[in-house]
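Q: sequence? don't have it. structure:
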């Protein structure tokens, strides 16, 4: 059976994802689609709006055959490590290819760009340095170096200023670095841009646009058109049980307390907390009633919003620098859910997998998995304590979803 | 001016305290009364039911002339260190005497007991050991050794099975160890026992009885008779602004989250968390909706309720073993409030104090004081986030209360 892999967050699963899925399957001529999906916290350093099980349900209801979890260690990491975790897992579960959406839309320019930088690393680095010496910022210098390099070695390259192209670049890089035989494919991203607001009448919107609409109106009516019916129903059900979608705003009282509880020195123990920012974090936490106010107080030219949110994620979950440095590569494949077709694939190919497939997490002592269980515990507690009338399923007790 | 010192928690200030105050002043023939009072967390390992400023107000309204803070490091410590902190501060602020309530009621038997144990340490220790060897428990062996020792050296001794006698013993011990010239005095404790329930018609009840009544009825009516009018009003005002009195039960969601956030290993970093209990703490926290349920799950023969509560206090405030061991003796006298008479005393005797008197804490860099500010921040946050409609005064901004 031909399997194609995709890397997803599904926060939430919307029509654009359904379209991407279909395209991926066609492009790869695949029988089944395997999604490696982030668990409780996402790459932008935010809690997922609904838990991993609900998001797995949405995915399986709309055409994904197998959902496996991208561990916290990777799901909240920078693009390089995020891609490394995801591609390692898709390789381990024996995907023939993986497909990513990109602004560029064809894969050769990605390969060209990757090999250009790989083969001319010294030239690239010295271009970056010389630009930095003129006083340019680091992102600007990277941009300048890339521009120069592509001019020095003419061919078709990707535009590295586009967010999905950057992520695609890192997937290609990861596949090469781990020596994966997996075939990279890309399809053009359609319709809504990454951060666009919802457009009236459109059936495709970005997840960011959907979350923004939900946060502003507090109602699912306005996003009904851009969601598969099943997604809409899962989200309605969540909203009924938990009164709101998870966000830093809803977790703010607990995050605020967590920061305040620490001494400045203790804060710097957590992953990605750069020394020097701890005092600003404490000061702002003591005087902010909302997450938004807090962020406005701590943001600066030096730190992007995403970077700050990732620090906060690690403070919140208690994930230390020491822990971060103790992991190198994924150690298990954690199964979150499957369709009958997916189950068939697992039965048939399980022996070829290069990492153990884990269905019953309570029975393992894997350290990376232990972090995912720990983080899920924190996520669930946060959801349950912000106005929820229902308990969420305990992560360590939940078996993979069998979708019929 | 003659000053008498007392060691208090005033949780809350009640008629028994007013009586004790009067007696102390008479017994010591003192012009003014100085109370060293625990701040946010108390010796039994619990948050104070109302904050330190409200308790200072109650004290000043009912006859105390000066209130100084017993730092967190001592206020949450075992009897030995609690007494050391308190007596050191009363000595530093130049009290001529200190008075404690006891079951015994006269001071000579305390001195006899203290010197007996001090002078016959080896004999005492060997009696303890030989009892332990017969299989008796540690408390039983201490009791046996003391009994034997008093029989071997007949004189009038105190009954060390009485809780207030034990505390008195530690005050005497502390005064001797730090070489304090302060004169110890004791007065008999009256009426209500330490843990007694409220008796109908009585005007004196224990603080424990009062808190229990409040927790059960949720109303101040039932305790009006046993409180000075001023205390009653301060408590009514608190209840109106914050809807409830602070307790582990009201802090439970935050304590629960704090425990859950930690790995077992990280929990053992906190003061008094004995290795081995961390797994039980985590397991119980994950499955308890109330503090009571939680405590019932973790209590065992090995740990007293107080001991467990002290561990939880340190976990909650983030106070580590390393911090605990970095303090030896009080470093400042923190003034919480004074009457005109108290102010007069401070003006007249300030130069004789053996530790700096601190009124504006924001201006100091004292490490022990920094902990008190930190702990007050945590205390305030916890009160404010459990249904309060008012903000509490920030500890580092609050000047000492001048009571008129």
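A: It's in. Predicted model, so just to flag it, every value in this text is computed and none were measured.

Q: which stretches of the stretch 1-150 of chain A form strands?
A: A:3-8, A:32-38, A:66-70, A:97-102 (DSSP state E, counting those that start in this stretch).

Q: show me what the longest one is packed against.
A: Packed against strand A:32-38 by the contact rule (3 or more C-beta pairs under 8 Å, 6 or more residues apart in numbering or on different chains; DSSP states H and E) you find strand A:3-8, helix A:15-28, helix A:52-61, strand A:66-70, helix A:79-92, helix A:340-349. To be clear about C-beta, it is placed using only N, CA and C from the backbone, and glycine gets the same treatment.

Q: quick one: contacts of the fifth one?
A: Which is helix A:79-92. A:5, A:7, A:34, A:36, A:43, A:68, A:70-71, A:73-75, A:77, A:98, A:166-167, A:170-171, A:173-175, A:177-178, A:180-182, A:329-330, A:333, A:353-355 (C-beta atoms under 8 Å, 6 or more residues apart in numbering or on different chains).

Q: residues of the stretch 301-404 of chain A that sit close to chain B?
A: The stretch 301-404 of chain A comes close to chain B at residues A:316, A:317, A:318, A:374, A:377, A:378, A:381, A:382, A:385, as judged by C-beta under 8 Å from any C-beta of the partner chain.

Q: ok, now how distant is the second one from residue A:382?
A: This means residue A:317. Going from residue A:317 to residue A:382 by C-beta to C-beta, to the nearest Å gives 10 Å.

Q: please tell me how far residue A:301 sits from chain B.
A: 29 Å (C-beta to the nearest C-beta, to the nearest Å).

Q: show the model's pLDDT score for that residue.
A: Residue A:301 is assigned 81 on the pLDDT scale.

Q: state the number of residues packed around it.
A: Other residues lying near residue A:301 total 6 when counted by other C-beta atoms under 10 Å in any protein chain shown.

Q: for it, phi and psi?
A: Dihedral pair for residue A:301: phi -60, psi -30, per degrees, to the nearest 10.

Q: and what of residue A:212?
A: phi -60, psi -50.

Q: got it, and residue A:243?
A: Dihedral angles for residue A:243 - degrees, to the nearest 10 - are phi 60, psi -20.

Q: now do residue A:65
A: The phi/psi pair for residue A:65 (degrees, to the nearest 10) reads phi -100, psi -30.

Q: which parts of the stretch 201-350 of chain A are strands?
A: Counting by DSSP E, counting those that start in this stretch, the strands of the stretch 201-350 of chain A are A:333-339.

Q: before we move on, the earlier item: most packed of the strands of the stretch 1-150 of chain A?
A: strand A:66-70 (a mean of 29; mean count of other C-beta atoms under 10 Å in any protein chain shown).

Q: can you report how many residues lie near the residue of the stretch 301-404 of chain A found nearest chain B?
A: Nearest residue of the stretch 301-404 of chain A to chain B, counting by C-beta to the nearest C-beta: residue A:318, 5.0 Å away. Taking other C-beta under 10 Å as the criterion, the count of residues near residue A:318 is 21.

Q: my read: it touches residue B:264, true?
A: No: between residue A:318 and residue B:264 no contact is recorded; they are 11.7 Å apart, counting by C-beta atoms under 8 Å.

Q: rewinding a little: among the contacts of helix A:79-92, the buried ones, what's the ChimeraX command?
A: Selecting only the buried entries of those in ChimeraX, with 16 or more other C-beta atoms under 10 Å in any protein chain shown as the criterion:
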select /A:5,7,34,36,43,68,70,71,73,74,75,77,98,166,167,170,171,173,174,175,180,182,330,333,355
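
Q: local confidence estimate at the closest residue to chain B within the stretch 51-200 of chain A?
A: Of all residues in the stretch 51-200 of chain A, residue A:72 sits closest to chain B, at 13.4 Å by C-beta to the nearest C-beta. Residue A:72 is assigned 98 on the pLDDT scale.

Q: what's the nearest residue to it if we skip its chain neighbours?
A: With sequence-adjacent residues excluded and distances taken as C-beta to C-beta, 6 or more residues apart in numbering or on different chains, residue A:72 is closest to residue A:375, at 4.8 Å.

Q: please, which helix or strand holds that neighbour?
A: In the assignment (DSSP states H and E), residue A:375 maps to helix A:367-384.
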